[in-house]
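Enquirer: Below are the sequence and a predicted model; questions follow.
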Amino acid sequence: MGIFSRTRDIIAANVTDMLDRAEDPAKMIRMIILEMEETLVEVRASAARTIADQKEMRRAISKLETAQANWTEKAALALSKDREDLAKAALVEKQKAADMAAQLESEIAELDEALHASEEDINKLQAKLQEARARQVSLTKRMEGAQNRARMREMYSGERTRDAFSRFEMLERRVDLAEGHAESLAMGAQPKTLEEEIAELRMSDQVEAELEALKAAQGKAKPKASEEEGGA
């Protein structure tokens, strides 16, 4: 496919429709952008060659104009020497130079039209490229959003999450069993009666009284032991 026909195809293409029909929009948009960038480079390179050709033609026209002036002078010199034949020959050469210059001017005009068309193509391609890049940014954000939503769904409804919560439920069941066991140990225990509580108070008083008596007895025994040691 030639560069110009391919350029026209790209300019005429509807990026949105192409992406809607694509199985992989992200891959398609990358291909579209790459194609546009390559075509843009080629169109600019073609325009650069055209400009260079025009410059070369204008230099050639300048040389032909100088040649025409020289042949005019030579024709005049030949006439002044009564050499009409040489004058006619010089004028023929002048006409040849003029014809070549005119042909080059015509080609330059055609190249101007081609350059103008190339400039329009470049502007349209740049607009298409800008559109494609904007679509790429939009697709990228949408893709990231979809991936984030998928990850979130996986987190709260995925297999790994279900397994984790199943383990939590097992641990909770174990804790429930442990608490039930502890509570079951207290089951069947009879509350103390009033008589039992009073009896415990009396026993406590007796223990305290006996303890004080022992302390008092030990207190009396210590001084006697000291006296016996002194007498010895």
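Expert: Thanks, I have the structure now.

Enquirer: Residue 107: how many residues sit nearby?
Expert: Neighbour count for residue 107, taken as other CB atoms under 10 Å: 13. No exception for glycine: its C-beta is placed from N, CA and C like everyone else's.

Enquirer: How about residue 116?
Expert: Taking other CB under 10 Å as the neighbour definition, residue 116 ends up with a count of 10.

Enquirer: which secondary structure element contains it?
Expert: When elements are defined using DSSP states H and E, residue 116 is found to belong to helix 84-157.

Enquirer: Against which helices or strands is that helix packed?
Expert: On a contact count with 3 or more CB pairs under 8 Å, 6 or more residues apart in numbering; DSSP states H and E, helix 84-157 meets helix 3-12, helix 15-21, helix 25-80, helix 159-185.

Enquirer: Quick one: closest of those helices to residue 117.
Expert: With distances scored as CB to CB, the stretch of the helices and strands packed on helix 84-157 nearest to residue 117 is helix 3-12 (8.4 Å).

Enquirer: sorry, back to before: need the helices and strands packed on helix 84-157 in JSON lines with mean neighbour count, mean pLDDT and distance to residue 216, can you?
Expert: Below are the helices and strands packed on helix 84-157 laid out as JSON lines (neighbours: other CB atoms under 10 Å; pLDDT from 0 to 100; distance: least, CB to CB, whole Å):
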{"stretch": "helix 3-12", "mean neighbour count": "15", "mean pLDDT": "56", "distance to residue 216": "117"}
{"stretch": "helix 15-21", "mean neighbour count": "13", "mean pLDDT": "65", "distance to residue 216": "105"}
{"stretch": "helix 25-80", "mean neighbour count": "15", "mean pLDDT": "90", "distance to residue 216": "99"}
{"stretch": "helix 159-185", "mean neighbour count": "10", "mean pLDDT": "72", "distance to residue 216": "43"}
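
Enquirer: can I get the ones you listed in a markdown table with distance to residue 205?
Expert: What follows is the helices and strands packed on helix 84-157, written out as a markdown table (distance: least, CB to CB, whole Å):
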| stretch | distance to residue 205 |
| --- | --- |
| helix 3-12 | 109 |
| helix 15-21 | 97 |
| helix 25-80 | 91 |
| helix 159-185 | 32 |
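
Enquirer: Mind checking the ones you listed for the one nearest to residue 204?
Expert: Shortest separation from residue 204 across the helices and strands packed on helix 84-157 is recorded for helix 159-185, at 26.7 Å, computed as CB to CB.
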